[in-house]
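Q: Any chance you can model this:
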Amino acid sequence: MAQQRLLAELARLGAPADAIVLDAGSGMGLVCQRFALASDLLLLVTTPDSLSVMDTYAAMKVLANSEVPLAVRTVVNQATKPRTDSEVHSRIQQASQRFLGCQTEEAATIGVDKKVAEACREGQPLMLVAPRSAAAKKIARLADLVAKAAENGQRQRLATAV
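A: Reported below is the predicted structural model:
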């Protein structure tokens, strides 16, 4: 019931807002499904870890069965090796296309950055603690992607899930 109220309030807010970004948590439980299906653009966040990639594919599978068309983009977080990380995006794209008939696009790759742990220890947002760090710059580019979609008249409700 609380989720339905939140979705209703977000829908009401959607009219004056260019973009709404919501971190719906991990897994594809009912809560995440509701938020994902209510979004115009879905960012699926994964890491290069095999279990995380499998969870991301499982999320795609659940969403593909919903019969609601979604624009899905992948974000690889805590990336360590550029080649491996681009392979993560590629594996998710290929598997989603081949087995689910779904399209995904690469949104961003955010590398491991000591400044992220530092910001967490300080209990402060990374963008305030280390705005020039590599991770902050990648996050800023991801925010630009969302902003550009909104500027182009594509009002987006975004949900993120792992």
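Q: which outside residues touch stretch 90-110?
A: 43-44, 46, 53, 56-57, 60-61, 63-64, 70, 72-79, 82, 85-86, 89, 135, 138-139, 141-142, 145 (CB atoms under 8 Å, 6 or more residues apart in numbering). Any C-beta I mention is one placed from the backbone N, CA and C, and that applies to glycine too.
Q: Can you flag which of those residues belong to helices?
A: The members of the contacts of stretch 90-110 that map onto helices under DSSP state H are 53, 56-57, 60-61, 63-64, 82, 85-86, 89, 135, 138-139, 141-142, 145.
Q: Please tell me how far Arg73 sits from Leu42.
A: To Leu42, Arg73 is 7 Å away according to CB to CB, to the nearest Å.
Q: typo on my end, it should be Leu70
A: For Leu70, the distance to Leu42 - CB to CB - is 5 Å.
Q: Who has more neighbours out of these two?
A: Neighbours per residue (other CB atoms under 10 Å) separate Leu70 from Leu42, with Leu42 holding more: 27 against 20.
Q: And the strands in this structure?
A: Ranges of strands in the chain, per DSSP state E, are 19-23, 41-46, 71-79, 104-111, 156-161.
Q: Where does pLDDT dip in this structure?
A: For the chain, the stretches with pLDDT under 70 are 1, 3, 7, 10, 13-20, 22, 24-25, 67-69, 149-162.
Q: The residue most central in space within it pairs with what?
A: Within the chain, the residue whose C-alpha comes closest to the C-alpha centroid is Leu43; the distance, by CA atoms, centre = their mean, is 2.4 Å. Taking DSSP bridges as the rule, Leu43 bridges to Arg73, Thr160.
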